[in-house]
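Undergrad: Fold the following.
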Amino acid sequence: MDAQDSGVWPHVLIVDDDPAMRQLAGEYFADNGVRVTAVASGAEMTDVLAENAIDLVVLDLRLAGEDGMQLTRNLREQSDIPIIMITGRKDEADRVMGLELGADDYVTKPFSPRELLARLRAVLRRYNTASEALPKRSEGRRAYRFSGWELNLRTRRLTTPDGQRIGLSNGEFNLLRAFCAAPRRVLTREQLLDLSRLHGDEVYDRSIDVQILRLRRKIEPNPSEPQYIVTERGAGYRFDAPVEVLH
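TA: The predicted structure follows:
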């Protein structure tokens, strides 16, 4: 179902096989300035994303006959659209895995439309703040290159100076992309949490440090004495290398 169309309203896609939930959330969102499209399956989600500019996806991980984790993984590999997961109250492992795959937040059933709307607005606010923190991205950017390394933005692949491919998690890729977009600028932990899309609740507050440690192990000649990702004590981190933008 689609809410009233407006060019300034955020357009949210709800993916849930419970028709009552789709109707309740859709009507509540529409009454509060959010345009809504609600579907019941991953296939319908793919069709909507192909035809519409979606600002955020609300995805139930327990769709009948479908793997919500795989849908989350596929969506994150293909786009940077913010994702809010819907999980069961006891599904802690699902929440952790979903956040690792690149989801931005979650709500647990049962929840109120008011709570979901608040989380939706918070995620969009963080996303908009993060976007403003860096120079505007050019749609024509293909890759970043630094010291012989190449980060391909379309295939999400990192290649070493001698041509080897290095595997990156979604968090590591997003973090390295954020650094490459702002070389030799000090970025605070909060900015990096926003830019690398690692937000969860307070349980995951240290995730940025874990991701930086993992990323250093993959790109630094000596991770204990980093030359690329440099710590600025009391301020944040700085990517200390010239970066070439490839179009």
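
Undergrad: Surely residue 61 and residue 94 touch.
TA: Yes. Contact criterion CB atoms under 8 Å: residue 61 and residue 94 qualify, at 5.5 Å. Where C-beta positions appear, they are placed from N, C-alpha and C, glycine not excepted.

Undergrad: What segments of this structure are helices?
TA: Ranges of helices within the chain are 19-31, 42-51, 68-78, 92-101, 113-133, 170-181, 189-195, 207-219, based on DSSP state H.

Undergrad: tell me the most buried of those?
TA: Stretch with highest mean neighbour count among the helices of the chain: helix 170-181 (a mean of 23; mean count of other CB atoms under 10 Å).

Undergrad: quick check: angle from it to helix 207-219?
TA: 80 degrees (axes from the mean of the first three to the mean of the last three CA atoms, to 10 degrees).

Undergrad: so how far is residue 151 from the residue nearest to residue 61 when sequence neighbours are not counted?
TA: Nearest in space to residue 61, with sequence neighbours left out and distances taken as CB to CB, 6 or more residues apart in numbering, is residue 68 at 3.2 Å. According to CB to CB, to the nearest Å, residue 68 and residue 151 sit 28 Å apart.

Undergrad: Quickly list what's touching both of residue 61 and residue 94.
TA: 68-69, 85, 87 (CB atoms under 8 Å, 6 or more residues apart in numbering).

Undergrad: Now tabulate the residues you listed in a markdown table and tack on distance to residue 163 and pLDDT.
TA: Output for the shared contacts of residue 61 and residue 94, formatted as a markdown table (distance: CB to CB, whole Å; pLDDT from 0 to 100):
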| residue | distance to residue 163 | pLDDT |
| --- | --- | --- |
| 68 | 36 | 87 |
| 69 | 32 | 89 |
| 85 | 37 | 90 |
| 87 | 41 | 87 |
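
Undergrad: Nearest to residue 222 among the residues you listed?
TA: Of all the shared contacts of residue 61 and residue 94, residue 69 has the smallest distance to residue 222: 35.6 Å, by CB to CB.

Undergrad: What confidence value was assigned to the nearest residue to that closest one once chain neighbours are set aside?
TA: Leaving aside its sequence neighbours, residue 69 sits nearest to residue 97 (CB to CB, 6+ apart; 6.1 Å). Model confidence at residue 97, given as pLDDT, is 84.

Undergrad: ok, now how distant is residue 172 from residue 216?
TA: Taken as CB to CB, the span from residue 172 to residue 216 is 10 Å.

Undergrad: Please consider this matter closed, and thank you.
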